[in-house]
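>>> give me coordinates for this.
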Amino acid sequence: MATDPAAAGGARVIDLSHPVGPGTQVFPGDTPPVVSPACTLAADGYNSVRLDLGSHTGTHADAPYHFLSDGPRLGDLPLELFTGPAVVVDATGLAPRTPIGPEAFGPWEDRLEPGAVVLVRTGWDRHYGTEAYYDHPYLSGAAARLLVARGVRTVGLDTLSPDETPYAGRGGEDWSAHLAVLGAGGTVVENLRGLAAADAPGARFCAFPLRLESGDGAPVRAVALLGDAS
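All right, here's what the predicted structure looks like:
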């Protein structure tokens, strides 16, 4: 769930990110992150840690290069892509591994436009850290293509992936949602949490990734700014 908001510059800041550490849940087949001491106060006079983690660890953003060999890398994408007015789409109450079709976006149709950040709230973050988290609902290819057709280039979800996650013999290799958004030069932000807190008038989403030279994706600190964020 989202942490308590802190006052900053006239806006409340809501954390929408999972912490990175030994308990971080990763995509099946990925290596969990390792955080180990590099220097200590006792031995070196200061504390520092060594990080060993994949570029798609925890709450993170995908670049087109993640799926497309000739796609833009993170450093090629405009920073404006990682912030914008939040449109929280309520897709809660679905059964495990249910596809989310275009009809789910009908109530928010007038807000699906260029510059908007569409955040699909499934409520599946409540299962984070358990096997049930792998069985999340997912975007159908048709739904992702609808968003792209409306000019949306930033899509976030409180799940491991916008596509069905293969795990324990369930799910396949259909990456339709990834390919639709990334193929349009957009980004997908995965493993968000507490999206209900971002569902407020005037809420702004921000999730700036590390500028890794690999360029396929990177962890982000995702937040929602509520109130006067000017």
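>>> where do the helices of the chain begin and end?
41-44, 141-149, 176-183 (DSSP state H).
>>> can you put these in JSON lines and add mean neighbour count and distance to P33?
All C-beta spots, glycine's among them, are computed from the backbone N, C-alpha and C. Shown next, in JSON lines, are these (neighbours: other C-beta atoms under 10 Å; distance: least, C-beta to C-beta, whole Å):
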{"stretch": "helix 41-44", "mean neighbour count": "9", "distance to P33": "23"}
{"stretch": "helix 141-149", "mean neighbour count": "20", "distance to P33": "28"}
{"stretch": "helix 176-183", "mean neighbour count": "22", "distance to P33": "22"}
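>>> turn the ones you listed into a markdown table, including distance to P99 and mean pLDDT.
Shown next, in a markdown table, are these (distance: least, C-beta to C-beta, whole Å; pLDDT from 0 to 100):
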| stretch | distance to P99 | mean pLDDT |
| --- | --- | --- |
| helix 41-44 | 51 | 98 |
| helix 141-149 | 8 | 98 |
| helix 176-183 | 10 | 98 |
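>>> any chance of those helices in JSON lines, with distance to F67 too?
Formatted as JSON lines, the helices of the chain follow (distance: least, C-beta to C-beta, whole Å):
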{"stretch": "helix 41-44", "distance to F67": "42"}
{"stretch": "helix 141-149", "distance to F67": "12"}
{"stretch": "helix 176-183", "distance to F67": "5"}
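>>> closest one to E80 among those helices?
helix 176-183 (15.8 Å; C-beta to C-beta).
>>> CA atoms only: put that closest one into PDB for me.
In PDB, the C-alpha atoms belonging to helix 176-183 read as follows (Å, rounded to 0.1, in the frame of the first residue of the first chain):
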ATOM      1  CA  SER A 176       1.100  -8.200 -27.500                       C
ATOM      2  CA  ALA A 177       0.700  -5.500 -24.900                       C
ATOM      3  CA  HIS A 178       4.400  -4.900 -24.600                       C
ATOM      4  CA  LEU A 179       4.800  -4.800 -28.300                       C
ATOM      5  CA  ALA A 180       1.900  -2.400 -28.900                       C
ATOM      6  CA  VAL A 181       3.100   0.300 -26.400                       C
ATOM      7  CA  LEU A 182       6.900  -0.200 -26.900                       C
ATOM      8  CA  GLY A 183       6.400  -0.400 -30.600                       C
END
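>>> I'd like the numbering to begin with 54 instead of 1 from here.
From this message on, residue numbering opens at 54, which makes the last subject helix 229-236.
>>> which elements pack onto that helix?
helix 194-202, strand 240-243 (3 or more C-beta pairs under 8 Å, 6 or more residues apart in numbering; DSSP states H and E).
>>> closest one to A230 among the ones you listed?
Nearest to A230, of the helices and strands packed on helix 229-236 and by C-beta to C-beta, is helix 194-202 at 4.0 Å.
>>> now the angle from the closest one to helix 229-236?
Interaxial angle, helix 194-202 versus helix 229-236 (axes from the mean of the first three to the mean of the last three C-alpha atoms, to 10 degrees): 20 degrees.
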